[in-house]
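>>> For reference, the sequence and a predicted model appear below.
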Amino acid sequence: MRVAVTRLQEKEDNTVELFGRYGLEAIVVPTIRSRPPRDSASLDALVRMVSEQEIDLLIFTSSLGVSKFFNKCDSVSPNTEIISVGPKTAQKVNEFGYPSEVLDSFSSDRFAEYLKDRAHGKVIGIARAGVPNPELAGALGSLGATVVEGVCYELESAPNELKEMIAASGVDAVVFTSTKSFLSANLQKTDVLGLTMVAIGPKTAKGMLGGGVEPDIVGGGTLESCAVLLQELE
């Protein structure tokens, strides 16, 4: 099975090898790319507050956000607890010399539940992409926390050959790694007839449904979970 994976190029490391372990041929086709934020004020403010030890809990929602943040921040106090979505993001934090807790669910929506017993009265920083997540900030605020968000990078559509690849029957399945990666592909339901459509997790699945395409497979938030489910189809 040939699988197109819309993974952001900056996050690409071992996708081909990962899918290969499950007998699948992966082709990485990024439909989005990152760029610096148009306005760096929120990131600058978060970096300053971290440097001045005004942040109690620092949340990272992606490994790319980690890199962009530490490109600007020289040090994090041991008194600041760092929490990451998934092991890849935590590993990136470790590469910069800091420990990190790992959220047991690979979704930023679970942060509020994870922090429900220690968020009250804390100042929580969120280093994120330029994709608003008012639900996360609102949920943390409802727990009595003060939330400070810093936009580390923004995402935009990237030129890609996914649509042409699908039309030429070059792939059997497509894995979308975010709602934006799906929307940027500009696919209609008629474009993907006969293909296996995969959402990396429930949030992406919801975005695909909103865009008129129902995913055949919904992963658990990781590419490996998608590979496992695709292997079961073969």
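On my side now, so go ahead.

>>> give me the low-pLDDT residue ranges for the chain?
Low-confidence regions of the chain, defined here as pLDDT under 70, cover residues 12, 105-109.

>>> Direction included, what does the longest strand seen in it pair up with?
Identified as the longest strand of the chain according to DSSP state E is strand 146-157. Here strand 146-157 is paired, per DSSP bridges, with strand 32-35 (antiparallel), strand 123-129 (parallel).

>>> Skip ahead from the first one and say which helix or strand is next.
What that stands for is strand 32-35. Counting by DSSP states H and E, the element after strand 32-35 in chain order, helix or strand, is helix 41-51.

>>> Just want the angle from that following helix to strand 123-129.
Following axes from the mean of the first three to the mean of the last three CA atoms, to 10 degrees, one obtains 140 degrees for the angle between helix 41-51 and strand 123-129.

>>> who's in contact with helix 41-51?
Applying CB atoms under 8 Å, 6 or more residues apart in numbering, the external contacts of helix 41-51 come out as 37, 55, 58, 68-69, 72-77, 80, 123, 125, 127, 148-152. Every residue, glycine included, has its C-beta placed from N, CA and C.

>>> out of these, which are buried?
Listed as buried from those are 37, 55, 58, 68-69, 72-73, 76, 80, 125, 127, 148-152; burial here means 16 or more other CB atoms under 10 Å.

>>> picking up where we left off before, right, and the helix or strand after the longest strand of the chain?
helix 162-167.

>>> Run through the strands of the chain in chain order.
2-5, 25-28, 32-35, 57-60, 81-85, 101-103, 123-129, 146-157, 173-176, 196-199, 217-218.

>>> Burial-wise, tell me which of these comes out on top.
Burial among the strands of the chain, expressed as mean neighbours by mean count of other CB atoms under 10 Å, is greatest for strand 173-176, which shows a mean of 28.

>>> partners of that one, with directions?
Sheet partners assigned to strand 173-176 using DSSP bridges are listed as strand 2-5 (parallel), strand 196-199 (parallel).

>>> how close does the residue nearest in space to the middle of the chain sit to Glu234?
Closest to where the C-alpha atoms of the chain average out (CA atoms, centre = their mean) is Ser62, at 5.1 Å. With distances taken as CB to CB, to the nearest Å, Ser62 is found 30 Å from Glu234.

>>> Over to Val50?
47 Å.

>>> Look at those two and report which has more neighbours.
Comparing Val50 with Glu234 by neighbour count (other CB atoms under 10 Å), the higher total belongs to Val50, at 24 against 9.

>>> so what's the residue nearest to Gly130 when sequence neighbours are not counted bridging to?
Nearest-residue entry for Gly130: Glu154, 3.5 Å, with adjacent residues in sequence omitted and distances by CB to CB, 6 or more residues apart in numbering. According to DSSP bridges, Arg35 are recorded as the beta-bridge partners of Glu154.

>>> and Glu154, what does it touch?
Neighbours of Glu154 in contact, by CB under 8 Å, 6+ apart: 34-38, 129-130.

>>> Pipe these into JSON lines and attach distance to Gly97 per row.
As requested, the contacts of Glu154 are exported to JSON lines (distance: CB to CB, whole Å):
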{"residue": "Ser34", "distance to Gly97": "23"}
{"residue": "Arg35", "distance to Gly97": "27"}
{"residue": "Pro36", "distance to Gly97": "24"}
{"residue": "Pro37", "distance to Gly97": "25"}
{"residue": "Arg38", "distance to Gly97": "30"}
{"residue": "Ala129", "distance to Gly97": "23"}
{"residue": "Gly130", "distance to Gly97": "26"}
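
>>> just curious, which of those residues is nearest to Gly23?
For these, the closest approach to Gly23 (CB to CB) belongs to Ser34, at 31.2 Å.
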